[in-house]
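> Need coordinates for the following:
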Amino acid sequence: MSNDTIGAEHHRSHRAGWLRAAVLGANDGIVSIASLTIGVAAAGGTHGALTTAGFAGWVAGAMSMATGEYISVSSQRDIEHADVTLEREALARNQAGETRELAKIYEGRGVEPGVARLVAEQLMAHDDLGAHMRDELGITEITTAQPFQAAWTSALAFTAGAALPLVAMLIAARSYRIPAIAAVALLSLVGLGVAGARVGGASATRAAARVAFWSSLAMALTYVIGRLVGTSI
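Predicted coordinates:
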């Protein structure tokens, strides 16, 4: 084994963008469709009404996730582009001042003034805009907003997640439909929480407990609302 590989660290930050969108989409697909179908079933909806609500929610939810993620991440990207443009203009107007600003940033992180100035000058000579994007604005290749990636990842993940409670709804007997949907949703969500935590290097127990609590609350609330609506009409 070469010295270059000894102590090599396997970081996970590069996964943050797509992992966040995937986990959010799948989680939303499971919770949304499970809660929706439980609410309709609790209200006494027929099999046809339940199926229609489930599939309509599936399509609407996937499109909503894709659109919402695209708009949200696009807004973030627009802000990033505006900041980069301002920084490019500042560098064109006052290179020396921007070098001092960069040196002050390094000093604030504990680097000695002379060394900070030298580092700032060398980085500015190599890639002045890149240095300011990274160390002043906090924009890197890892954190750069990617709207299309977020949109399709969320839509596909929502579709995959929504399929699980839908399958449970379709194959379960009428009298067991609600507990079957809830059980499949909870097991799927716990599994998703554990998988997401492992990929991201976080605590699997904490992730599973968190997703189980909030998803159970969502399904319980829609069940109560379904019962109330079903008895009042």
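
> Can you give me the buried ones in whichever strand or helix holds Met124?
Following DSSP states H and E, one finds Met124 within helix 113-135. Within helix 113-135, the residues scored as buried using 16 or more other C-beta atoms under 10 Å are Ala116, Arg117, Val119, Ala120, Leu123, Met124, Asp128, Ala131, His132, Met133, Asp135. Just so you know, the C-beta spots here come from the backbone N, C-alpha and C atoms, and that holds for glycine as well.

> Can you tell me which of these lies closest to Gly44?
Nearest to Gly44 among these: Met133, at 57.7 Å, using C-beta to C-beta.

> List the single closest residue to that closest one in space, sequence neighbours excluded.
Ile139 (4.5 Å; C-beta to C-beta, 6 or more residues apart in numbering).

> my read: that neighbour touches Ala82, true?
No: using C-beta atoms under 8 Å, Ile139 makes no contact with Ala82, being 11.4 Å away.

> Compare these two (neighbour count), which wins?
Between Ile139 and Ala82, Ile139 has the larger neighbour count (other C-beta atoms under 10 Å), namely 20 against 10.

> Contacts only, for the more buried one.
Glu80, Asp83, Val84, Met133 (C-beta atoms under 8 Å, 6 or more residues apart in numbering).

> Just the buried ones out of those residues, please.
For the contacts of Ile139, a burial check counting by 16+ other C-beta under 10 Å picks out Glu80, Asp83, Met133.

> now, among those residues, which is nearest to Leu192?
Using C-beta to C-beta, Glu80 is the member of those that lies nearest Leu192, at 29.5 Å.

> Would you mind finding the longest helix in this protein?
Across the chain, the longest stretch assigned as helix under DSSP state H is helix 47-93.

> State the helix or strand in which the residue nearest to Pro165 when sequence neighbours are not counted lies.
What sits nearest to Pro165 in space, not counting adjacent residues and going by C-beta to C-beta, 6+ apart, is Ala34, at 3.9 Å. Assessed by DSSP H and E, Ala34 sits inside helix 16-42.
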